[in-house]
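Enquirer: Structure for this input, please:
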Amino acid sequence: MKRIILLLTAFCFYQTSSFAQKGIPVIKAGSKQVDIRQDGEVTKNAWSIVPEEKLDVFTTSARYVTFYTDIDSISYTVDPKVGTYDFIILLNGKDSARTRIKYQPSRLEMLKGAEAYNYDDKRFIPEFSYQSQDNPNLVRIRKELNLDSIAGKGGELSRIFNLLHWVHLLVKHDGNSNNPTLKNAIDLIKVCKAENRGVNCRMLATILNECYLAMGIQSRYITCMPKETKFDDCHVINMVYSKDLNKWIWIDPTFDAYVMDNQGNLLGIQEVRERLIKGLPLVLNADANWNRETLQSKKGYLENYMAKNLYRLQTPLISEYDTETWKSGKEVTYVELLPLDGIEQAPQKLEQTNNQTGVKFTYYKTNNPALFWTKPVK
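Expert: Below you'll find the predicted structure:
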């Protein structure tokens with residue numbers, strides 16, 4: 001028995017020594033769960049030790065990182081120029097898990113690298129337009145959904161916010177749901193009630209957009225996308241034109257959110273993007289929330305989530321009823337605003353027809369925010 005213990009002790013000593021000889025630090029653990037501190041913020045059970053992995057990589061944009069096992073810890077001051085830091089977690093004195101901390105720029109840092117646009121980009125884009133509230137389908141939405149009562153008799157901003165809050169409370173957000181076949185305000189609300197279900201952010205923005213148009217308030221929904229051309233997550237919100245303020249304002253029905261500067265002035269999407277890049281003050285409304293369950297913070301919602309999704313922006317050319325109900329022979333045009341940073345800039349115009357739906361899609365690209373954010377013709 002003593003000989004076996006001595007052999008095991010020698011093996012563990014040899015194993016630890018061999019790591020040390022390679023210049024790789026070793027920390028000990030008795031449990032697979034690890035807490036991680038990033039720039040002063042600790043996340044419990046943020047990491048699970050997996051000795052079976054050849055190399056387990058933890059990516060971070062933090063400059064100060066600490067791994068805490070149940071009995072040990074290791075800290076690094078992360079230098080972006082160095083990029084990676086390797087160490088060993090020795091689990092229960094026998095299983096070694098080679099672990100790497102790898103620096104990657106935060107989404108906010110990536111956005112800051114995409115500040116530059118080209119205001120001299122004169123490539124042709126058709127004019128944006130907004131369906132009249134007199135359109136029979138919008139008249140029907142206004143009447144069937146009782147929008148006059150919901151919007152109220154207050155001023156323009158009061159009506160804009162009353163409609164925002166109503167849609168947010170009426171329909172739950174469910175990012176994993178399949179979109180219904182009919183994608184207009186009346187049918188989307190009807191399906192959600194009948195099936196006791198929610199819809200994704202795109203459908204919520206569609207409902208709210210049609211309600212605004214039905215009330216004579218010009219708006220568009222905006223697909224906010226990350227730098228990657230292939231992605232699993234983006235976000236869709238509304239840009240709403242306030243005649244009283246003579247500007248676009250940020251309206252997000254998924255999170256019941258709007259954004260202000262430190263003086264309380266309402267901001268539009270482009271203004272929020274610019275202020276994030278320049279580090280200027282931003283204020284998120286205090287009651288911004290997800291499904292009436294989770295309050296949103298400025299850091300989480302704006303500096304993390306939306307910083308990722310404000311890299312490039314896309315919107316329909318025509319803001320109208322039933323834009324995304326696909327019917328054979330239908331034509332839909334989208335315009336995308338791109339920064340000058342390294343992403344796909346061409347072709348400037350692309351036409352495609354979906355073989356399954358028979359819908360023709362036209363896509364325009366521009367680097368000119370002045371064209372993308374042009375105000376509605378009075």
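Enquirer: contacts and neighbour counts: CA atoms only from here.
Expert: OK.
Enquirer: For Arg63, give me its contacts.
Expert: The contact partners of Arg63, by Cα atoms under 8 Å, 6 or more residues apart in numbering, come to Gln38, Asp39, Thr77, Val78, Asp79.
Enquirer: Which residue, other than its chain neighbours, is closest to the last one?
Expert: Using Cα to Cα, 6 or more residues apart in numbering and skipping the chain neighbours, the partner closest in space to Asp79 is Arg63 (6.9 Å).
Enquirer: pLDDT score for that neighbour?
Expert: pLDDT, Arg63: 94.
Enquirer: and what of Lys22?
Expert: Predicted confidence (pLDDT) for Lys22: 62.
Enquirer: tell me the contacts of Asp121?
Expert: By Cα under 8 Å, 6+ apart, the contact list for Asp121 reads Thr366, Asn367, Asn368.
Enquirer: Quick check: it is in a helix.
Expert: No. Using DSSP: H, G, I helix; E, B strand; the rest coil, the assignment for Asp121 is coil, not a helix.
Enquirer: Distance-wise, check it relative to Thr357.
Expert: 34 Å (Cα to Cα, to the nearest Å).
Enquirer: tell me the secondary structure for Trp248?
Expert: What three-state DSSP gives for Trp248 is strand.
Enquirer: close enough to count as contact, it and Tyr241?
Expert: Yes. Counting by Cα atoms under 8 Å, Trp248 does reach Tyr241; the two are 4.4 Å apart.
Enquirer: Which one's more surrounded, those two?
Expert: Applying other Cα atoms under 10 Å to Trp248 and Tyr241 shows that Trp248 carries more neighbours, namely 25 against 21.
Enquirer: Check the gap between the more buried one and Ile150 for me.
Expert: For Trp248, the distance to Ile150 (Cα to Cα) stands at 22 Å.
Enquirer: same check, this time on Ile101
Expert: For Ile101, the distance to Ile150 (Cα to Cα) stands at 52 Å.
Enquirer: Between those two, tell me which one has more neighbours.
Expert: Shown here are Ile101 and Ile150; by other Cα under 10 Å, Ile101 has more neighbours (20 against 14).
Enquirer: Which residues outside the helix or strand harbouring the more buried one are in contact with it?
Expert: Ile101 is part of strand 95-103, with elements assigned from DSSP states H and E. Outside of strand 95-103, the residues within contact range by Cα under 8 Å, 6+ apart are 49-62, 78-80, 83-91.
Enquirer: residue boundaries of the strands in the stretch 51-200 of the chain?
Expert: For the stretch 51-200 of the chain, strands defined by DSSP state E, counting those that start in this stretch occupy the ranges 56-60, 64-68, 73-77, 84-91, 95-103, 129-130.
Enquirer: Would you mind giving the ones you listed as a markdown table with distance to Ile222 added?
Expert: Putting these into a markdown table (distance: least, Cα to Cα, whole Å) gives the following:
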| stretch | distance to Ile222 |
| --- | --- |
| strand 56-60 | 29 |
| strand 64-68 | 36 |
| strand 73-77 | 39 |
| strand 84-91 | 37 |
| strand 95-103 | 31 |
| strand 129-130 | 14 |
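Enquirer: that older thread, take the contacts of strand 95-103 and, keeping just the buried ones, write it as a ChimeraX select command.
Expert: To isolate the buried members of these in ChimeraX, using 16 or more other Cα atoms under 10 Å:
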select :49,50,51,56,60,61,62,78,84,85,86,87,88,89,90,91
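Enquirer: still on that earlier bit, which of the contacts of Asp121 tops the neighbour count?
Expert: Neighbour counts for those, by other Cα under 10 Å, peak at Thr366, which reaches 26 neighbours.
Enquirer: Contact partners for that one?
Expert: Shown in contact with Thr366 (Cα under 8 Å, 6+ apart): Asp121, Arg123, Ile125, Val335, Glu336, Leu337, Leu338, Gln348, Phe372.
Enquirer: please redo it, this time with the cut-off set to 10 Å
Expert: Residues in contact with Thr366, defined by Cα atoms under 10 Å, 6 or more residues apart in numbering, are 117-119, 121-125, 335-340, 345-346, 348-349, 372.
Enquirer: re the thing from before, out of the strands of the stretch 51-200 of the chain, nearest to Thr229?
Expert: Nearest of the strands of the stretch 51-200 of the chain to Thr229, taken as Cα to Cα: strand 56-60 at 20.9 Å.
Enquirer: The closest one: partners in the sheet, and parallel or antiparallel?
Expert: strand 95-103 (parallel) (DSSP bridges).
Enquirer: Report the rounded mean pLDDT for the strand it pairs with.
Expert: 96.
Enquirer: Ok, stretch 312-328 next?
Expert: Stretch 312-328 shows a mean pLDDT of 97.
Enquirer: Quick check: end-to-end length of it?
Expert: With Cα to Cα as the measure, stretch 312-328 spans 29 Å from end to end.
Enquirer: Kindly report the same for stretch 23-42.
Expert: Stretch 23-42 end-to-end distance (Cα to Cα) = 27 Å.
Enquirer: still on that earlier bit, sitting in helices, which of the contacts of Thr366 do you find?
Expert: Phe372 (DSSP state H).
Enquirer: Tell me the spacing between Asn367 and Glu344.
Expert: Distance from Asn367 to Glu344, by Cα to Cα: 12 Å.
Enquirer: Between these two, which contacts overlap?
Expert: Overlap of the contact sets of Asn367 and Glu344 (by Cα under 10 Å, 6+ apart) consists of Leu338.
Enquirer: Show the contacting residues for the nearest residue to Trp166 once chain neighbours are set aside.
Expert: Using Cα to Cα, 6+ apart and skipping the chain neighbours, the partner closest in space to Trp166 is Ile150 (7.4 Å). When contacts are counted by Cα under 10 Å, 6+ apart, Ile150 is found next to Arg142, Arg159, Asn162, Leu163, His165, Trp166.
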